[in-house]
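Student: attaching a predicted model along with its sequence, questions to come.
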Amino acid sequence: MARALGEGDFVVVLLPLTEETRGIIGADALGAMKPTAWLINIARGAVVDEAALLAALEQRRIAGAVLDVFDREPLPPSHPLWKLDNVVVTPHISGPSTPDEIAPVFNDNLARFSPPGRSATWFDRKRGY
């Protein structure tokens, strides 16, 4: 993982939040990134160690971050991430959000709900996502 992080200009985090992935992007992972790289988190907030990310951004160890999710949501108005010029905060809309976008996914899952089909977005409790 460190080698891949060190080669990317943009690191996009797309992981489910499980016990194995909690904090996976921490000080070591951020330290492996190039100083010109950007971190983009559209997964779950707790996948990234927010304190380590804040330190990396403040000290310019990475170029910046685009963040759609946080440990605590909504991100409190007093949070230091709001004040950084190398952070872009998006309004947690990385997935479908309008009726025209949601309806096809819902209708497809509804059609699969009855046997023998299965939802395309099924949650597996054993895997945690």
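Tutor: Yep, it's here.
Student: can you pull out the strands in the protein?
Tutor: Remark: strands assigned in the chain by DSSP state E are 10-13, 38-41, 64-67, 87-89.
Student: which stretches of this protein have low pLDDT?
Tutor: For the chain, the stretches with pLDDT under 70 are 94-95, 113-122.
Student: hmm, try it at 80
Tutor: Scanning the chain for pLDDT under 80 picks out the ranges 93-97, 109-125, 129.
Student: what about the helices in it?
Tutor: In the chain, the helices defined using DSSP state H lie at 2-7, 27-32, 50-58, 99-113.
Student: adding distance to Leu39, write those helices out as a markdown table.
Tutor: All C-beta atoms are positioned from the backbone trio N, CA, C, and that covers glycine. Compiled in a markdown table, the helices of the chain are given as follows (distance: least, C-beta to C-beta, whole Å):
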| stretch | distance to Leu39 |
| --- | --- |
| helix 2-7 | 9 |
| helix 27-32 | 7 |
| helix 50-58 | 7 |
| helix 99-113 | 26 |
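Student: TSV for the ones you listed, including distance to His92 and mean neighbour count?
Tutor: Below are these laid out as TSV (distance: least, C-beta to C-beta, whole Å; neighbours: other C-beta atoms under 10 Å):
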stretch	distance to His92	mean neighbour count
helix 2-7	24	12
helix 27-32	22	17
helix 50-58	15	18
helix 99-113	15	11
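Student: most tightly surrounded among the strands of the chain?
Tutor: Comparing those by mean neighbour count (mean count of other C-beta atoms under 10 Å), strand 38-41 comes out on top with a mean of 22.
Student: what helices and strands are in contact with that one?
Tutor: Here strand 38-41 touches strand 10-13, strand 64-67, going by 3 or more C-beta pairs under 8 Å, 6 or more residues apart in numbering; DSSP states H and E.
Student: thank you, goodbye.
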